[in-house]
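> When you get a sec, could you give me coordinates for this:
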Amino acid sequence: MDRFQAMQVFTRVVDANSFTHAADSLGLPRASVTTIIQNLEKLLQVRLLNRTTRRLSLTPDGAAYYERCMRILADVEDAEASFHDVTRGPKGRLRIDVPPSIGRLILIPALCEFHQRYPDIELAIGMSDRPVDMVQEAVDCAIRVGELQDSTMVAKRIGTFESITCAAPAYIERHGIPEDIEALAQHHAVHYFSARTGKIIDWSFMCDGKAVNVDVKGIVSVNDAEAYVQCGVNGFGLIQPARYMVAPHLQSGALREILTDLTPPPMPISAVYLHNRHLSPKVRVFVDWISELFQRCPLLSGCHGMPFNNECTFATASKPPHTVRNMLEQESLEESVF
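Numbers count the residues shown, from 1 in each chain. Here you go, the predicted model:
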């Protein structure tokens, strides 16, 4: 049995969720596809697929084998691409994972530019708040916020994640502006809690060069970042979002920055990929491109003092930012398995 062909057939069956559709796309008779899968299961001595008359589903062994097959096939594709049609550039499927706020506000609006440069790369973009296992889920590159600990990963710093403390004019009119950390005891905040653990993420400020956590009373807690920002805009309480997420609200006056001398600790933003002596060309060009993209954005390159520019945030003042604040990425960093 041709094991490489068996891997191709198996992954195509899983992707198509159909023996018939997989056979059509591969140009093989359906009977041949069925025989190949049966022989593969016999060789591995495990059941890979649960079959009924209406649907297919992976067994646990099948899911593990599928992920490994995807990595092997991707490596073969990368090896072949490095020797063929060099002048045209990298090609193939590239799976990436990004925090939702960065994905929706920064990455997605700029995708046309990436596609124009590299038309033969097919992007599969994951945007969720759950941590991902890059090995098990066959993720080629991930954008991460915070310090990275895993030595099996390579991290290239591409930007700086800066947060601010702010409030709506309606809140300030009712409660005033806190002048220092001690004054926060007389105020209340909108809190963010983890949907997985229920843990409320602490507020934090830089004091004398050290990060200090501060307890702030809250009257509402949410686990959705868009709701978090909107609660702040509606005057429910103080919020501590990422600067680039609320730049349009600051520009329009819907939010005002406070405690400007006591900023939350900044965190590095990194492009992370698996340690490999032969870095895939498609990963390399993506990392280079997104590094360039972040450097063009003052709110993510550490140059927040520059004037607000729509080209940086890819959001307009009339359309509120969609998602996440630094707490989501910090939480994912604390609980992730890289």
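
> Which residue ranges of the stretch 1-150 of the chain form strands?
Using DSSP state E, counting those that start in this stretch, the strands of the stretch 1-150 of the chain run over 49-51, 56-58, 92-98, 121-127, 141-145.

> er, the stretch 201-338 of the chain actually
Along the stretch 201-338 of the chain, counting by DSSP E, counting those that start in this stretch, strands occupy 203-207, 210-214, 217-222, 256-258, 267-274.

> Check which residues of the fourth one are buried.
This means strand 256-258. Neighbour-count burial for strand 256-258 flags I258 (criterion: 16 or more other Cβ atoms under 10 Å). From N, CA and C alone the C-beta is placed, and that goes for glycine too.

> what does the third one give?
Applying a neighbour-count criterion of 16+ other Cβ under 10 Å, the buried positions in strand 217-222 are G218, V222.

> Ends of stretch 45-52, what's the gap?
One end of stretch 45-52 to the other measures 20 Å (Cα to Cα, to the nearest Å).

> So for it, mean pLDDT?
Averaging pLDDT along stretch 45-52 gives 88.

> ditto for stretch 220-228
Summarised as a single mean, pLDDT over stretch 220-228 is 84.

> What's the end-to-end length of that stretch?
Using Cα to Cα, the end-to-end distance of stretch 220-228 comes out at 9 Å.

> Same check on stretch 273-291?
End residues of stretch 273-291 are separated by 14 Å (Cα to Cα).

> which parts of it are buried?
For stretch 273-291, the neighbour count (16+ other Cβ under 10 Å) marks Y273, L274, S280, P281, K282, V283, V285, F286, V287, W289, I290, S291 as buried.

> Can you add pLDDT and distance to A138 and give the residues you listed back as JSON lines?
As requested, the buried residues of stretch 273-291 are exported to JSON lines (pLDDT from 0 to 100; distance: Cβ to Cβ, whole Å):
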{"residue": "Y273", "pLDDT": "85", "distance to A138": "12"}
{"residue": "L274", "pLDDT": "77", "distance to A138": "10"}
{"residue": "S280", "pLDDT": "79", "distance to A138": "12"}
{"residue": "P281", "pLDDT": "84", "distance to A138": "17"}
{"residue": "K282", "pLDDT": "87", "distance to A138": "13"}
{"residue": "V283", "pLDDT": "89", "distance to A138": "13"}
{"residue": "V285", "pLDDT": "92", "distance to A138": "19"}
{"residue": "F286", "pLDDT": "93", "distance to A138": "15"}
{"residue": "V287", "pLDDT": "92", "distance to A138": "17"}
{"residue": "W289", "pLDDT": "94", "distance to A138": "21"}
{"residue": "I290", "pLDDT": "92", "distance to A138": "19"}
{"residue": "S291", "pLDDT": "91", "distance to A138": "23"}
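
> okay, those residues in CSV with distance to K91 next?
Output for the buried residues of stretch 273-291, formatted as CSV (distance: Cβ to Cβ, whole Å):
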residue, distance to K91
Y273, 18
L274, 20
S280, 11
P281, 9
K282, 7
V283, 13
V285, 11
F286, 12
V287, 17
W289, 15
I290, 18
S291, 21
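
> so which of these comes closest to Q116?
Closest approach to Q116 among those (Cβ to Cβ): W289, at 10.8 Å.

> Out of the strands of the stretch 1-150 of the chain, which is the most enclosed?
Of these, the one with the most neighbours on average (mean count of other Cβ atoms under 10 Å) is strand 141-145, at a mean of 23.

> about what we covered before: what about the strands of the stretch 1-150 of the chain, which gets the closest to P264?
Nearest to P264, of those and by Cβ to Cβ, is strand 141-145 at 12.4 Å.

> buried set for stretch 240-255?
Of the residues in stretch 240-255, 240-250, 254-255 count as buried by neighbour count, 16+ other Cβ under 10 Å.

> which two in the residues you listed are spaced the farthest apart?
Going by Cβ to Cβ, the pair spanning the buried residues of stretch 240-255 furthest: Q240 and P248, at 17.4 Å.

> need the strands of the stretch 201-338 of the chain in TSV with distance to Y192, can you?
Below are the strands of the stretch 201-338 of the chain laid out as TSV (distance: least, Cβ to Cβ, whole Å):
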stretch	distance to Y192
strand 203-207	10
strand 210-214	14
strand 217-222	6
strand 256-258	18
strand 267-274	16
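
> model confidence over stretch 138-156, on average?
On average, the pLDDT along stretch 138-156 is 77.

> just stretch 19-33 next, same as before
Stretch 19-33 carries an average pLDDT of 89.

> can you list contacts of it?
For stretch 19-33, contacts defined as Cβ atoms under 8 Å, 6 or more residues apart in numbering pick out Q8, V9, R12, V13, D15, A16, T34, I37, L56.

> Among the residues you listed, name the buried ones.
Q8, V9, R12, V13, A16, T34, I37, L56.

> residues touching the residue nearest to the first one when sequence neighbours are not counted, list them.
It stands for Q8. Nearest residue to Q8 in three dimensions, chain neighbours excluded: L73, at 6.7 Å (Cβ to Cβ, 6 or more residues apart in numbering). Applying Cβ under 8 Å, 6+ apart, we find L73 in contact with M7, Q8, T11.
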